[in-house]
Every structure is written in structure tokens, then in C-alpha cells.
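Chemist: Sequence plus the predicted model coming up.
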Amino acid sequence: MPESTQQFEATDRLAELIRKKRQVLLQLRELGKRELGFATEGDAGMLLQLATAKQHLVTALQMVERQLNPYRDDDPDRRAWRSQADRGACAEQADECRGLLAEVVTLEKAHERAMQQRRDAVAAQLRSAVSARQAAGAYQKYRVDSPTRETSPTPPLGSVNSTSTLDMASDLR
């Protein structure tokens, strides 16, 4: 096999790996968008399903990155490409991969912030519920522990009882 054919095979393989990397990053970006929506809504079940799917994609990305390692030290100008168009397409996809990776990282940070906000909101609700329960418990304890007075209820204002009168003059004599 001539040397140039082997070099074409190497750049063909490089181009294929870059395409795979792009596909995985596109899927990670899509999952990241969905994940952010579910984090905002607080849908823990869907978040767990997405986390599992995302883990598979991260593993696939790591595998592609390992396969790309032999090409990292190559001088791009010394690679033999089938055509300038192939080289340009591969370079374009590699640039797109850098942008996609930046988007994925941005989405992850937004997801993390959304989850923290959701956590803080739930914590505030729990504190409020505990405070309300403590207040109700204290009120109930006060009602149970306070001595009950055996007094007759005060008659409503404006009600006149013909059998009871208030004689103030008798005390003055």
C-alpha cells in the first residue's frame, strides 16, 4: 500500500472521528436543553432518566476523545487529505465541536443554577412548614397547659337580662 493511501486513511479516520464527536455533542446539547427545562419544573423523574442517557453520551465522547489522541500531536499542515474540501469540512466540524462543547458547558452551569434555586426554594418551603407546625404546636400546648377558668361567659353587648341589675347607689350610702 503506498504511503499516501495510508495517510489518506489516517485523515479519513480523523474526519470520521470528528463527525462522531460532533454527533455526540449535538445530542449532549439537546439533552442539556431538555434537562434545564425539567430542572426548572422540578421533574426529578425525568431528570434521572436524562442523567442516565447523558452518562452514556459522555462515555461515548470520552471514547472518541481517546481515539483522537494519536492525531493531537500531528502537524495539521503535514496531513495528506483527499481534497482541500475534505480538509476544510473537517476543520469546520472541529470548530463546530468547540462551539458545541462551550454550549454544553454553559447548559450544565445553567442546569446547576436551576437545581440550586429549586433546592433553595424547597428548603424555604420546608422551613416555613416546620415554623408553622412549631407555631401550631406551641399554640396547642398553650391551650392545653393554661388553667381553665370556671367563670361564666360575659353576656353579649346589648343584651339585657331583666333579672340582673347593677345597683351602684347602694354602695354610696
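Modeler: Perfect, I can see it now. Numbers count the residues shown, from 1 in each chain.
Chemist: low-confidence ranges in the protein?
Modeler: With pLDDT under 70 as the threshold, the chain has low-confidence stretches at 1-4, 7, 138, 141-142, 144-173.
Chemist: helices or strands up against the longest helix along it?
Modeler: Scanning the chain for the helix with the most residues, using DSSP state H, yields helix 84-145. Using 3 or more Cβ pairs under 8 Å, 6 or more residues apart in numbering; DSSP states H and E, the elements in contact with helix 84-145 are helix 3-41. Where C-beta positions appear, they are placed from N, C-alpha and C, glycine not excepted.
Chemist: list the buried ones in the helix it packs on?
Modeler: By neighbour count with 16 or more other Cβ atoms under 10 Å, helix 3-41 contains the buried residues 8, 10-11, 14-15, 17-18, 20-29, 31-32, 34-36, 38-39.
Chemist: Over to stretch 84-96?
Modeler: Residues of stretch 84-96 classed as buried: 87, 90, 93-94 (neighbour count, 16+ other Cβ under 10 Å).
Chemist: What of stretch 91-111?
Modeler: Of the residues in stretch 91-111, 93-94, 97, 100, 104, 107, 110-111 count as buried by neighbour count, 16+ other Cβ under 10 Å.
Chemist: Output it as CSV - backbone C-alpha positions only.
Modeler: Taking C-alpha atoms only, stretch 91-111 is exported to CSV below (Å, rounded to 0.1, in the frame of the first residue of the first chain):
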residue,chain,number,x,y,z
ALA,A,91,-11.7,21.8,10.1
GLU,A,92,-15.2,23.3,10.1
GLN,A,93,-16.6,20.4,12.1
ALA,A,94,-13.8,20.6,14.5
ASP,A,95,-14.6,24.3,15.1
GLU,A,96,-18.2,23.5,15.4
CYS,A,97,-17.3,20.9,18.1
ARG,A,98,-15.5,23.6,20.1
GLY,A,99,-18.6,25.7,20.0
LEU,A,100,-20.9,22.8,20.8
LEU,A,101,-18.7,21.9,23.8
ALA,A,102,-18.9,25.5,25.0
GLU,A,103,-22.8,25.4,24.7
VAL,A,104,-22.9,22.1,26.6
VAL,A,105,-20.8,23.5,29.4
THR,A,106,-23.0,26.7,29.5
LEU,A,107,-26.1,24.5,29.7
GLU,A,108,-24.6,22.4,32.5
LYS,A,109,-23.9,25.6,34.5
ALA,A,110,-27.4,26.8,33.9
HIS,A,111,-28.8,23.4,35.0
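Chemist: Contacts made by that stretch with the rest, please.
Modeler: Contacts with stretch 91-111, where a contact means Cβ atoms under 8 Å, 6 or more residues apart in numbering, come from 15, 18-19, 21-22, 25-26, 28-29, 32-33, 35-36, 39, 76.
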